[in-house]
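K.L.:
fold the following, please.
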Amino acid sequence: MPRTVSPSLRRSALTAVAAAGAFALTAVPASATATPAQITTSKTNGVAYLKTLQAADGSYAGSGLSNEWAFSAFAAAGTAAVDVTPGGDASKNARTVYRNLLATSGWPSASPVVTDYERATLNAYAAGIDPARVSASRNLIADIYRYWQTAEPGYFGPSANFNGTVFAALALNGAKTQSGQVRVPQKLRETMVTRIRANQHNDGGWNFSKAEGNATELAKTSDIDMTGAAMAALCVSGVPNTDTDIVQAKAFLKSKLVANSGAFNAMFGVNTNSNGWAVSGLNACGINPQTGDFLTSMGKTPLDFLIAQQFNPGGGFKYLPSDTSPSAYASIDGLRAVAGAGFTAAPPVPTTPGAPQWVGQGTFTSGTAAKLALTVDDGAGNLKVCSVSLTPTASTTTLGAVLDAAVASATPSGCVTSVTPSSGTGTVTSLNGKANSGSNTWKVSLDGSSFTTATRGTTVGVGDTIAVRWGV
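P.N.:
Model prediction:
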């Protein structure tokens, strides 16, 4: 299939996996607008099917393409990952096993790509693992920051693979802090939004590859899947669903609806995964996929199609209408969409006694190398984004230590070139050669908090997402 898509994010439409598990031999026939009762049944049965995908060791993920997207579907359907266990063995619960995998030094591979970290961020969040605090040495937000393109600000990973930037926006905006705060600064959100808008095709949708500045690419027919993802990326970045670009994307999706089923006529034909991604895009933008533009002339909706693709009582979803067995990926994409989610969801409160809603590293481990996510905004339109490597000597560190480390060990380099003063705990008076001037001074925000005066002595904890900004 000729697409420039990381296999870690996009399952192949031509090789949809038929997963093992109990399922009925016939799917539920499509009907008019799906009722709340039908949706509830779909969620219940869908969760039951996804539980059959868990390995005996408790895992959903491993090397290569795996089923970790199940965590986003579980969360959307109201099931906590820590409550998913093989044979009731709580020591092998899905969250603990996944966190342990992400914390290993060899994960994800010897040659990782940005989508590895974006996928993990979205699913760790849904599983109740703080993605910035997986362990003392694993910070998935900082891992994503490493792929910032300094020559093309706003892109993450090679710009030719536009999906890396879309999923960066989904991950960095969608995976909020444990208190529900967007952890990245507004300037970074706006920069990503600008790039996503620039890649919108003439027909109102998007594709997986870069189109910005290329009239030929912009004129090509868009992809259903990527249109759903890009819509969601804009909306989780703060773009309202009344925005012209969202309205145009909605019109593109509407133009692809099949009247007698509610399916979207995707690039590779009618299928569950494309419908799932489109509906997740609508969900993320607060657009009801069962009314208005998405209720066809024959009384069908995209949710009707998805539910008709589900085997009941087995709960798995088939990829193509003609398939006779369920697909793991179709089941994940289908369930997440039917449950009303975008591309991730906040973790539900567990039912397992004593299990917390969230887990995450609480402090630095002295002597253990760590990474922190840092942005530097000079107030003049020059945004620098990087991952800073440092080895703390205590349970916390300081902003001064982070800025000093960034001079020598930031990826990409050049995030910080100089800081004044160069020692002590006092107010930062100059950064990268730009000095404080009247009310325009250097300020700092941690994990999306309000900006305050930046001092070298500002305490920084494990996993804090640091934003430094010059201005009032």
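K.L.:
can you say which helix or strand has the residue most central in space within the chain in it?
P.N.:
For the chain, the residue nearest the mean C-alpha position is A171 (3.0 Å; C-alpha atoms, centre = their mean). Element membership for A171, per DSSP states H and E: helix 163-174.
K.L.:
give me the contacts around the very next helix or strand once past that helix.
P.N.:
As assigned by DSSP H and E, the chain's next helix or strand after helix 163-174 is helix 186-198. For helix 186-198, contacts defined as C-beta atoms under 8 Å, 6 or more residues apart in numbering pick out 152-156, 165-166, 168-169, 172-173, 182, 206, 212-213, 230, 233-234, 237-239, 245, 375, 377, 383, 385, 467, 469. Using the backbone N, CA and C atoms, a C-beta is placed for each residue, glycine as well.
K.L.:
nearest residue to A405 other than its sequence neighbours?
P.N.:
L390 (3.9 Å; C-beta to C-beta, 6 or more residues apart in numbering).
K.L.:
ok, that neighbour - contacts?
P.N.:
By C-beta under 8 Å, 6+ apart, the neighbours of L390 are A369, A370, K371, L372, T397, A401, V402, A405, S409.
K.L.:
quick check: the residue nearest to the centre of the chain vs K92, distance?
P.N.:
Distance of A171 to K92, computed by C-beta to C-beta, to the nearest Å: 27 Å.
K.L.:
kindly report the same for A160.
P.N.:
40 Å.
K.L.:
who has more neighbours, those two?
P.N.:
Using other C-beta atoms under 10 Å as the criterion, A160 and K92 rank with K92 on top: 18 against 11.
K.L.:
for V388, phi and psi?
P.N.:
Note on V388: backbone dihedrals following degrees, to the nearest 10 are phi -110, psi 130.
K.L.:
max-length helix in the protein?
P.N.:
Longest helix in the chain by number of residues (criterion: DSSP state H): helix 36-51.
K.L.:
please name every helix or strand in contact with that helix.
P.N.:
In this structure, helix 36-51 packs against helix 70-76, helix 302-308, helix 328-338, with contacts taken as 3 or more C-beta pairs under 8 Å, 6 or more residues apart in numbering; DSSP states H and E.
K.L.:
turn these into TSV, including mean pLDDT.
P.N.:
TSV is the format used below for the helices and strands packed on helix 36-51 (pLDDT from 0 to 100):
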stretch	mean pLDDT
helix 70-76	98
helix 302-308	98
helix 328-338	98
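K.L.:
among these, which comes closest to K443?
P.N.:
Between K443 and these, the tightest spacing by C-beta to C-beta is seen for helix 70-76, at 34.3 Å.
K.L.:
and the closest one, what does it pack onto?
P.N.:
helix 36-51, helix 94-103, helix 114-127, helix 328-338.
K.L.:
outside of it, which residues touch it?
P.N.:
46-47, 50, 53, 60, 80-81, 84, 94, 98, 122-124, 126-127, 328, 331-333, 335-336, 339-341, 343-348.
K.L.:
what stretches of this protein score poorly on pLDDT?
P.N.:
1-32, 63-65 (pLDDT under 70).
K.L.:
can you show me the strands along it?
P.N.:
For the chain, applying DSSP state E gives strands covering 370-377, 383-390, 397-398, 410-411, 419-420, 430-431, 434-435, 441-446, 452-453, 459-460, 465-471.
K.L.:
so for P36, which of the ones you listed sits nearest?
P.N.:
Comparing the strands of the chain by C-beta to C-beta, strand 465-471 comes nearest, at 37.9 Å.
K.L.:
buried ones in the closest one, by neighbour count?
P.N.:
Judged by neighbour count using 16 or more other C-beta atoms under 10 Å, the buried positions of strand 465-471 are T465, I466, A467, V468, R469, W470.
K.L.:
one more: stretch 418-432?
P.N.:
V419, T427, V428, L431, N432.
K.L.:
from M226, how far off is I246?
P.N.:
15 Å.
K.L.:
cool, N312 as well?
P.N.:
N312 is 30 Å from M226, by C-beta to C-beta.
K.L.:
looking at those two, which one has more neighbours?
P.N.:
M226 (28 against 18).
K.L.:
wait, isn't the more buried one in contact with G164?
P.N.:
No: the pair M226 and G164 fails to qualify as a contact (C-beta atoms under 8 Å) at a distance of 11.9 Å.
K.L.:
ok, and the closest non-adjacent residue to K210?
P.N.:
F162 (4.6 Å).
K.L.:
hang on, the earlier thing: reformat the buried residues of strand 465-471 as TSV; add distance to M267.
P.N.:
What follows is the buried residues of strand 465-471, written out as TSV (distance: C-beta to C-beta, whole Å):
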residue	distance to M267
T465	36
I466	41
A467	38
V468	43
R469	42
W470	45
